[in-house]
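Undergrad: My questions are about this predicted structure, shown below with the sequence.
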Amino acid sequence: MDFEFISTVLANTLYNVKNKKIPTRKAFALTCEQTTCSNREIQREELYHLARAFISDFYKLKYLAEKFGKKNPSNRLLARLFLYLYFMDRGLSASPRLMKTIKRDYPYLEKETVEMENWAKLSYPEWFYEKLASLLSIEDAEKLLNALNKRVLWIRVNTLKVDLDKAIRKLEDESVEFEVCKDIPFLLKVLKYRKPIRSSTLFREGAIIPQDKASVLVVLALLPEPGMTIYDFAAAPGIKTSLIMQLTENKARVIALDSSRRRLDAMRNLLKLYGVNNSRVDLVLTDSRTVSLNRIADSALIDAPCSSSGAISRDPAIKIFLEKNDVVYRVKELQVSILHNALQHVDNAVYATCSLMPEEGEEVVLEVQKRGVEHGVVEPAINASKGYRKYDIWLKVRRTLPHVDESEGFFIARLER
C-alpha cells in the first residue's frame, strides 16, 4: 500500500478541517479536488474512512507525537504516525518503507511505553473531557466519549412517500440489516449494509431519511397534531420540519424561519423531495432573535444553532473545532436570544440543541426564565435520559446520552406558559 500517497491525502484533509473550519467529508472532498483520492490499491470510500479515523484520533496522535519529542508536529508527521498505529492495532505488518520513515521520525517509538492521559487516549480536548467528568462520573464520562467515537446510523422511514412495511421489505431486498426502534416504529437502526445507504433507491426518492434518534425525539416532544400552527425557529435544512409534516400527515401548518437564504433554498428542495405539502409550509428569511410575528402559534420548535458537541459521532472534525471552549459561550448568547424571543409568540415550545454542554442546555433555559417569561419547564413525553444533576431542573429536562440512548447527544426541554 502506498503509504506516502495515503499520508498526503490524510494530511491535506486535516489541513482543510483546521484552516477552513469545514466538516470532515467536505474537507476530504476538497482534498480530492486537489489530488487523486484513489488508485489500484485503495478506493476513494476506503480512503475516506481512513481520513475520518485520522481526524477522530487527532488529539491522541498529537499527544503521542509530543511525548516523542515532536513539538507542534506537522500534519504529515501525524498522518504517518496514524498509519503506523493503524497497522499495529490490527496486527498487520507495516511496509518496510513506512517502518523506515517512522524510525526516522519517531526514533524512540518502539523503545518507550507512553502512559496516556484519559482525554488523550479517547482523543478529545482536555477541557471537554474534564467538563463531562465533572457532570457525570468519570466512568460514565468515558463510556459516553467512547460511544461518541462510534456512529450509530438511524434512518427514518418517510411515510409521506412510502408505506412502512413496503420500505422494510425493500431495505431487506437491498441487503440492509437493521433493527426497528421499539419506541418509534418508523425509525430503524442500521446494523449492516452492502452498499452505502445513500445509494439506495429509497434514499434517492426521499422515502428514507438519515435522521438520528435524538433528532426524532426532539420533534416527538413537540407533540404535533393535525391543524396545529407551529413556528420552527432556525428551521433549515428542514429535516425536523419534514417530520412534523409526516407526523401530522401534511395537516399542520409550519412557519419555518431561518437567517440563511441559501439554506432556505436547499430546504425548499428537500421538502419537495420528502413529499411535504409546500402550501402548508411558509419559509421566512429572518433573524429568529428579533423577528416579530403577528399571530400566536400553537407551539414552537427551537432547534438552536450550537457547538454541535453532541454530533461528534457524525463528524469527528467537531472535536477540532472544540479545541477551545470559547465557542460554547459564544453560541450560548445566541441561544438565549432566540429562545426568549420565541416564547413571546407561543404558549408551548420545545428547545433543543445538539450539545453535551449545560451552557447550551440547562443554563440557557434558566437564563431565559430569569428574564421573566411566564413559561415553566415540564417533562416531555419522550423516553430519554434526565438532565445533569447539578441543575435544579434536571428531572424535568431530557438529554440523550450516546452510551445510554444509542444516539447523538441532545438537550431537550419543553416549556409551557
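TA: Right, received. Where do you want to start? Here the structure is a predicted model, which is why all the values come from computation and not from measurement. Residues are numbered from 1 along each chain as shown.
Undergrad: For the residue nearest the centre of the chain, give me phi and psi.
TA: The centre of the chain sits closest to residue 311, judged by C-alpha atoms, centre = their mean, with a distance of 2.3 Å. The phi and psi values for residue 311, taken as degrees, to the nearest 10, are phi -110, psi 20.
Undergrad: Confirm for me that it is in contact with residue 356.
TA: No: the pair residue 311 and residue 356 fails to qualify as a contact (C-beta atoms under 8 Å) at a distance of 9.7 Å. From N, CA and C alone the C-beta is placed, and that goes for glycine too.
Undergrad: Give me the common contacts of those two.
TA: Residues touching both residue 311 and residue 356 (C-beta atoms under 8 Å, 6 or more residues apart in numbering) are residue 409.
Undergrad: And stretch 127-143, what's buried?
TA: By 16 or more other C-beta atoms under 10 Å, the buried positions in stretch 127-143 come out as 128, 129, 130, 131, 132, 133, 135, 136, 141, 142, 143.
Undergrad: Is residue 116 part of a helix or strand, or is it coil?
TA: On the three-state scheme (DSSP: H, G, I helix; E, B strand; the rest coil), residue 116 is labelled coil.
Undergrad: Run a quick neighbour tally on the spatially closest residue to it that is not a sequence neighbour.
TA: Nearest non-adjacent residue to residue 116, counting by C-beta to C-beta, 6 or more residues apart in numbering: residue 63, 6.2 Å away. Residues contacting residue 63 under the criterion other C-beta atoms under 10 Å number 17.
Undergrad: right, and residue 63 touches residue 117 too?
TA: Yes: here residue 63 reaches residue 117: they are 7.2 Å apart, a contact under C-beta under 8 Å.
Undergrad: For residue 20, see how far away the residue nearest to the centre of the chain is.
TA: 19 Å (C-beta to C-beta, to the nearest Å).
Undergrad: residue ranges of the strands in the stretch 251-400 of the chain, please?
TA: 253-258, 281-285, 299-303, 348-353, 376-378, 385-386, 398-399 (DSSP state E, counting those that start in this stretch).
Undergrad: quick one: strands adjacent to the fourth one?
TA: For strand 348-353, the paired strands and their directions (DSSP bridges) are strand 299-303 (parallel), strand 411-416 (antiparallel).
Undergrad: Can you list the low-confidence ranges for this protein?
TA: 1, 40, 92-94, 108, 110-113 (pLDDT under 70).
Undergrad: can you rerun that using 90?
TA: The chain contains residues with pLDDT under 90 at 1-5, 34-46, 67-72, 84-115, 194-196, 198-199, 278, 294-296, 327, 372.
Undergrad: domain assignment for it?
TA: Per automatic domain parsing, the structural domains of the chain span 3-116, 153-210, 213-416.
Undergrad: Let me see the ranges of the helices in the stretch 51-200 of the chain.
TA: Remark: helices assigned in the stretch 51-200 of the chain by DSSP state H, counting those that start in this stretch are 58-67, 75-89, 96-105, 118-122, 126-135, 138-148, 164-173.
Undergrad: any idea what residue 231 is structurally, helix, strand or coil?
TA: Relying on three-state DSSP, one would call residue 231 strand.
Undergrad: ok, it to residue 177 distance?
TA: 39 Å.
Undergrad: Check residue 345 too.
TA: For residue 345, the distance to residue 177 - C-beta to C-beta - is 45 Å.
Undergrad: between the two, which one's more packed in?
TA: Higher neighbour count among residue 345 and residue 177: residue 345, with 18 against 13, using other C-beta under 10 Å.
Undergrad: got a list of what the nearest residue to that one once chain neighbours are set aside touches?
TA: Spatial nearest neighbour of residue 345, chain neighbours left out: residue 293 (5.1 Å); criterion: C-beta to C-beta, 6+ apart. With C-beta under 8 Å, 6+ apart as the criterion, the residues that contact residue 293 are 231, 255, 345.
Undergrad: list the contacts for residue 398?
TA: Counted by C-beta under 8 Å, 6+ apart, residue 398 has contacts 217, 221, 379, 380, 382, 384, 385, 386, 387, 411, 412, 413.
Undergrad: what about 10 Å?
TA: 214, 217-218, 221, 352, 361, 379-380, 382-387, 405, 410-414 (C-beta atoms under 10 Å, 6 or more residues apart in numbering).
Undergrad: Check residue 380 too.
TA: Residue 380 neighbours (C-beta under 10 Å, 6+ apart): 217-218, 220-223, 350, 352, 396-398, 412-415.
Undergrad: re the thing from before, just send the strands of the stretch 251-400 of the chain back as a markdown table, with distance to residue 37 too.
TA: Output for the strands of the stretch 251-400 of the chain, formatted as a markdown table (distance: least, C-beta to C-beta, whole Å):
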| stretch | distance to residue 37 |
| --- | --- |
| strand 253-258 | 33 |
| strand 281-285 | 36 |
| strand 299-303 | 34 |
| strand 348-353 | 34 |
| strand 376-378 | 48 |
| strand 385-386 | 39 |
| strand 398-399 | 38 |
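Undergrad: among those strands, which is nearest residue 239?
TA: strand 299-303 (9.3 Å; C-beta to C-beta).
Undergrad: could I get the closest one in CSV with only the CA atoms?
TA: Extracted in CSV, the C-alpha atoms of strand 299-303 (Å, rounded to 0.1, in the frame of the first residue of the first chain):
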residue,chain,number,x,y,z
SER,A,299,-46.4,25.7,19.5
ALA,A,300,-42.8,26.4,18.6
LEU,A,301,-39.7,24.3,17.9
ILE,A,302,-36.4,26.0,18.7
ASP,A,303,-33.6,23.8,17.5
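Undergrad: Thank you, goodbye.
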